[in-house]
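K.L.:
Sharing a model that was predicted from the sequence below.
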Number of protein chains: 2
Amino acid sequence: MIMSRSEAPRSEDADAAATGGLVDSLLGGLPAEAVLTDPDVTASYANDMASFCPAGTPAVVVLPRTTEQVQHVMRTATALRVPVVPQGARTGLSGAANASDGCIVLSLTKMDRILEINPVDRIAVVEPGVINAALSRAVGEHGLYYPPDPSSWEMCTIGGNIGTASGGLCCVKYGVTAEYVLGLDVVLADGRLMSTGRRTAKGVAGYDLTRLFVGSEGSLGIVVRAVLGLRPKPPEQLVLAAEFASAAAACDAVCRIMEGGHVPSLLELMDRTTVEAVNDMAQMGLPESTEALLLAAFDTTAPAADLAAVGALCEAAGATQVVPADDAAESELLLQARRLSLTALEAVKGVTMIDDVCVPRSRLAEMLEGVDRIAGKYQLTIGVVAHAGDGNTHPTVCFDPADPDESRRARDSFDEIMALGLELGGTITGEHGVGVLKKEWLAREIGPVGMEMQRAVKQAFDPLDILNPGKLF
Amino acid sequence: MIMSRSEAPRSEDADAAATGGLVDSLLGGLPAEAVLTDPDVTASYANDMASFCPAGTPAVVVLPRTTEQVQHVMRTATALRVPVVPQGARTGLSGAANASDGCIVLSLTKMDRILEINPVDRIAVVEPGVINAALSRAVGEHGLYYPPDPSSWEMCTIGGNIGTASGGLCCVKYGVTAEYVLGLDVVLADGRLMSTGRRTAKGVAGYDLTRLFVGSEGSLGIVVRAVLGLRPKPPEQLVLAAEFASAAAACDAVCRIMEGGHVPSLLELMDRTTVEAVNDMAQMGLPESTEALLLAAFDTTAPAADLAAVGALCEAAGATQVVPADDAAESELLLQARRLSLTALEAVKGVTMIDDVCVPRSRLAEMLEGVDRIAGKYQLTIGVVAHAGDGNTHPTVCFDPADPDESRRARDSFDEIMALGLELGGTITGEHGVGVLKKEWLAREIGPVGMEMQRAVKQAFDPLDILNPGKLF
């Protein structure tokens, strides 16, 4: 969905004139090739990857390359009271990057330089458009590791990861994006530049505005530079697969593993629907008889011993088969199956709604049982993959968008899954964010007082409500 | 400095009448024994442990035991426009808990219940008055670990740790308090109760108000309940001591260790002044000839191998002697020396000012060299202990408060140390917070735009400015 630069129309395109003063003002501080007005082109920037999220028609798309250019965009937007929708690679799953009618789409994808990698201080300084995988590879060359690894990591940007507070497979050991953002340069709604945080390992000078921006979905300011914390690269991880005759038994294994004090680098669950979908798509020969497949990995100095201990716990929980990988190649094959899960579920009916309800891991079995009940009630195929070690489930509703009744049932089941998550003491969103998709649900989770204070914070940073309006609230 | 309960005067004390309507209003929702008005008693709540920080005279001290009582206090304060100063154990080092004239001191020390410890979900739910060490021991019985370990851990409270975003010796591997606070119940300025965050491993529903409260020094609301993340208890750590002929060589060793990808559970530095002070006080027999003593520890499954690797790096950096501990007892002895450092430095002249400037660890040598220069310039004894792995230094200025000239030089040197930290790309406070002590310096670190947004956040939560006014800003 990302336009390559050669396709970008020149601003002298006839359509540009129609947007009038806005485009002229933008061109006062941006080069012509950074201002896109061809409606066919700008329309291609309307959506992220979420289903069921309305999107408007942007007035213009801008592709700044410098902080000064972003400041010019925000000053223009403030002067003309035009809403601004910041975007990374638009791989998000909540509609947070969807355009609104008449907005400026502010794509940060051209600000994609890695400015510094420092192995002593274990930090990287980057622009927001850097691709997650590009950063991971670059720091890897210095023996370093940037853990957050959302499944879109080959496409998604660090700015987008910060905006949505992304998670991934690594979180069970290494935590989420928020834990790696040490400091930010942010362009505020009125175009002023603010620095938050630090480049030191620790720092507590004033309120933690850095963390406030992480997950704020572009609604408080535009991140133009980030100082990221890094870790030393861990040893290659070794993966174990365990089959279970019921999802409940697999969840019991998860609880035993975590209660036993183990620290896996990955602890993922695929239910039968997901296993079948992966086999159908990629002929990977996963065991179809299984009701739940658990993948556990360790990146310790003696992973075989850890896998043996965890394998024993899986067997104690009733695993019908436990297969530890012998080497990196076997491990990678098992991980490939997990990584293909969402694509494979998408192939079932053409479209999916991917939920990301996170529950206390002690309630994971109840969550899976409930999703199964909901799938039956609505006569839908709902596959569940889960970052099981975090209790973070991705119930993935498969449906045919050409079938209005099935689409309606899909939407209803999605809501019921969120309600179930809250009932179990969980959250409506473990890692995808609120965006448009879940904004009606935010108030149900955090209550009226929480909503009022959330809005007060928004008001403090964006009194004119021009930063990604209509998202979150 | 903490009053024991038996010493608390009854509210029928004659002095109570003098505070008039305020005390009557407080007694409308608090039992008599929770409202202290005897001036001798309330005066004992005026200060935390910071030097050079003015404190006012409280009108009243309240010791609520329930959330409802805290709500009553805040409703009363709002109705009567009386400032409220929240307090834990008052072990802070920035004056953040100092009373202001006519304020209500709101001591949370009686809300000291551990409500839940859950080994599967790896969380604890606690009230704010729980002592850090009490929590550590309680979770330890479940095989769990609450890492944040400020040096006052036997006295300080979790609520105080949250308010000041405390660090400690463990941070180089395990991070600071902020990383362990998952969710909060907070009583707002007007007495309403708000819940933030979650009890799940992950969650991104709305702005991260939880992190905003961590380190906010009681200026945004009163924390009455916290959900804390826990880790599995690591193996006992093994400590290595290395002597250096210069502070620069010790700092070089720190850089080599971190660049080498090691993950010590502790990496502490004591300079010659500190080593001498510890020997003088405790006759520990530390090597007095040393210019800098580095302590490194590993709590891995094979710590001896890690110590050997790190010992070799210390030798490469010029260590004159490297002594790995053979067992836990030897390790504990070395740690004792480090733990006594600040007390020992206090004994040098009677009083200390303890700074906590944090610099990128690659600049640590320049920081130590600069502090040495500043000590010479002002003719003062300044010992430096440092969480070296984090670049977090504690230059500790020793002075005699009865000597006005020395006191003035102490204060001036303290400022010059902060200026040096900023010059080196550091922060004025790595873990003690701003409070009263460093509030003039906050603006120098974060600039006018940052200050304006910090104030806007304060205004959003506390429009009447009754929550710990005069702190931070």
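P.N.:
All right, it came through fine.
K.L.:
Run through the residues that contact the closest residue in space to A:T301 that isn't next to it in sequence.
P.N.:
In space, A:T301 comes closest to A:P235 once its chain neighbours are excluded; the distance is 6.2 Å by CB to CB, 6 or more residues apart in numbering or on different chains. The C-beta positions use only the backbone N, C-alpha and C, and glycine is treated the same way. Contact analysis of A:P235 by CB atoms under 8 Å, 6 or more residues apart in numbering or on different chains lists A:299-301, A:303.
K.L.:
How is A:P235 assigned, secondary-structure-wise?
P.N.:
Secondary structure, DSSP: H, G, I helix; E, B strand; the rest coil: A:P235 is coil.
K.L.:
Report the buried residues of stretch A:291-311.
P.N.:
Neighbour counts over stretch A:291-311 (16 or more other CB atoms under 10 Å in any protein chain shown) mark A:291-300, A:303, A:306-307, A:310-311 as buried.
K.L.:
Take those and keep only those in strands.
P.N.:
If you go by DSSP state E, these have A:292-298 in strands.
K.L.:
any idea which of the residues you listed is the one closest to A:E259?
P.N.:
A:E259 has its nearest neighbour among those in A:A296, at 14.1 Å by CB to CB.
K.L.:
From A:P287, how far off is the closest one?
P.N.:
16 Å (CB to CB, to the nearest Å).
K.L.:
Break chain A into its domains for me.
P.N.:
When chain A is parsed with automatic domain parsing, its domains come out as A:5-107, A:114-232, A:238-423.
K.L.:
okay, how far is it across the longest one, tip to tip?
P.N.:
Translated: domain A:238-423. Domain A:238-423 has an end-to-end distance of 36 Å (criterion: CA to CA, to the nearest Å).
K.L.:
so where's chain A shaky on pLDDT?
P.N.:
Applying pLDDT under 70 to chain A flags residues A:1-19.
K.L.:
list the contacts for the residue most central in space within it?
P.N.:
Geometric centre of chain A, nearest residue: A:S166, 4.0 Å, by CA atoms, centre = their mean. When contacts are counted by CB under 8 Å, 6+ apart, A:S166 touches A:148, A:150, A:156, A:160, A:176-177, A:431.
K.L.:
For PyMOL, write the selection for the buried entries among the residues you listed.
P.N.:
Buried residues among those (16+ other CB under 10 Å), as a PyMOL selection:
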select buried, chain A and resi 148+150+156+160+176+177+431
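K.L.:
for chain B, what are the nearby residues on the stretch 251-400 of chain A?
P.N.:
Neighbours of chain B within the stretch 251-400 of chain A, by CB under 8 Å from any CB of the partner chain: A:255, A:258-259, A:261-263, A:300-302, A:358-362, A:387, A:389-392.
K.L.:
Might you report the residue contacts of the closest residue to A:D101 other than its chain neighbours?
P.N.:
Using CB to CB, 6+ apart and skipping the chain neighbours, the partner closest in space to A:D101 is A:G56 (3.5 Å). Shown in contact with A:G56 (CB under 8 Å, 6+ apart): A:46, A:98-103.
K.L.:
just A:S107 next, same as before
P.N.:
Shown in contact with A:S107 (CB under 8 Å, 6+ apart): A:45, A:61-63, A:86-88.
K.L.:
how much space between it and A:G163?
P.N.:
Separation of A:S107 from A:G163 (CB to CB): 13 Å.
K.L.:
Same check on A:V385?
P.N.:
23 Å.
K.L.:
ok, the two, which is more surrounded?
P.N.:
Neighbour comparison, A:V385 and A:G163: the larger count goes to A:G163, with 31 against 28 (by other CB atoms under 10 Å in any protein chain shown).
K.L.:
Give me the phi and psi for that one.
P.N.:
The phi/psi pair for A:G163 (degrees, to the nearest 10) reads phi -60, psi -40.
K.L.:
what sits against it?
P.N.:
Neighbouring residues of A:G163 by CB under 8 Å, 6+ apart: A:86, A:88, A:96-97, A:215-218, A:223, A:433.
K.L.:
Show me the strands in the stretch 201-350 of chain A, by range?
P.N.:
A:222-229, A:231-232, A:238-244, A:266-271, A:292-298, A:319-324 (DSSP state E, counting those that start in this stretch).
K.L.:
thinking again about what came up before, among the contacts of A:S166, which ones are in helices?
P.N.:
Within these, residues falling in helices by DSSP state H are A:G160.
K.L.:
Looking at the contacts of A:S166, which is nearest B:P39?
P.N.:
For the contacts of A:S166, the closest approach to B:P39 (CB to CB) belongs to A:V176, at 49.7 Å.
K.L.:
That closest one reaches B:K202, doesn't it?
P.N.:
Yes - assessed by CB atoms under 8 Å, A:V176 is found in contact with B:K202 at 5.9 Å.
K.L.:
Return every residue with contacts to both of the two.
P.N.:
Contact criterion CB under 8 Å, 6+ apart; residues shared by A:V176 and B:K202: A:167, A:431.
K.L.:
Flag every buried residue along stretch A:251-268.
P.N.:
For stretch A:251-268, a neighbour-count test (16+ other CB under 10 Å) marks A:251-259, A:261-268 as buried.
K.L.:
In helices, which of these appear?
P.N.:
Among those, the members falling in helices (DSSP H) are A:251-259.
K.L.:
Can I get those residues in a markdown table including distance to B:L22?
P.N.:
Converted to a markdown table, these look like this (distance: CB to CB, whole Å):
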| residue | distance to B:L22 |
| --- | --- |
| A:C251 | 54 |
| A:D252 | 56 |
| A:A253 | 58 |
| A:V254 | 53 |
| A:C255 | 51 |
| A:R256 | 55 |
| A:I257 | 54 |
| A:M258 | 49 |
| A:E259 | 50 |
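K.L.:
for chain A, longest helix please?
P.N.:
Ranked by residue count and defined by DSSP H, the top helix of chain A is helix A:439-461.
K.L.:
quick one: is that one near chain B?
P.N.:
Yes - interface with chain B: helix A:439-461 contributes A:442, A:445-447, A:449-450, A:453-454, A:456-461 (CB under 8 Å from any CB).
K.L.:
out of these, which are buried?
P.N.:
Among these, those that count as buried by neighbour count (16+ other CB under 10 Å) are A:442, A:445-446, A:450, A:453-454, A:457-458, A:460-461.
K.L.:
Show me which of the residues you listed is closest to A:D112.
P.N.:
Closest approach to A:D112 among these (CB to CB): A:F461, at 25.4 Å.
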